[in-house]
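**Q** Have a look at this fold, sequence not included:
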């Protein structure tokens, strides 16, 4: 019988792995996404939003995110799971429908989370 030893959920996005210096370019790419009306969204933007769109703010948020990812990584290592189940949607998949569902299995050569990487 299996025991669930840990469960969590997380949002995700390219800013998790993109250096803050490149975040503005990500925003420009988003404007090209036909699924969204950015001009309409701009009319609903909160007052003072421009103050949050600076490189210093981007860097602070990126640093906080990396600290949180490191903390979650430690929690996962401490839980020592035998199996990890991930439910996700692979953006940029093989079709024009970028939200196509996928099922995947990853097999590791070594038991997962038995040793911390880099140690």
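**A** Sure thing, it's come through. Since the structure is predicted, the reported quantities are computational estimates derived from the model, not experimental observations.

**Q** show me what contacts residue 78?
**A** Counting by Cβ atoms under 8 Å, 6 or more residues apart in numbering, residue 78 makes contact with nothing. (C-beta placed from N, C-alpha, C; glycine too.)

**Q** switch to numbering from 361
**A** With the count now opening at 361, the last piece we talked about shows up as residue 438.

**Q** Which helix or strand contains it?
**A** helix 415-439 (DSSP states H and E).

**Q** so where do the helices sit in this structure?
**A** Assigned by DSSP state H, the chain shows helices spanning 383-390, 398-403, 415-439.

**Q** Of the ones you listed, which is nearest residue 372?
**A** Closest to residue 372 of those, according to Cβ to Cβ: helix 415-439, at 10.7 Å.

**Q** for the chain, which spans come out with low pLDDT?
**A** By pLDDT under 70, the weakly predicted segments of the chain are 448-479.

**Q** how about the helices of the chain in CSV, adding distance to residue 446?
**A** As requested, the helices of the chain are exported to CSV (distance: least, Cβ to Cβ, whole Å):
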stretch, distance to residue 446
helix 383-390, 23
helix 398-403, 30
helix 415-439, 11
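
**Q** Would you quantify the distance from residue 373 to residue 422?
**A** Distance from residue 373 to residue 422, counting by Cβ to Cβ, to the nearest Å: 12 Å.

**Q** So between those two, which is more surrounded?
**A** Remark: of residue 373 and residue 422, residue 422 carries more neighbours, 18 against 10, as counted by other Cβ atoms under 10 Å.

**Q** residues contacting that one?
**A** Counting by Cβ under 8 Å, 6+ apart, residue 422 touches 375, 379, 380.

**Q** out of everything not next to it in sequence, what's closest to the first one?
**A** This points to residue 375. Spatial nearest neighbour of residue 375, chain neighbours left out: residue 383 (5.9 Å); criterion: Cβ to Cβ, 6 or more residues apart in numbering.
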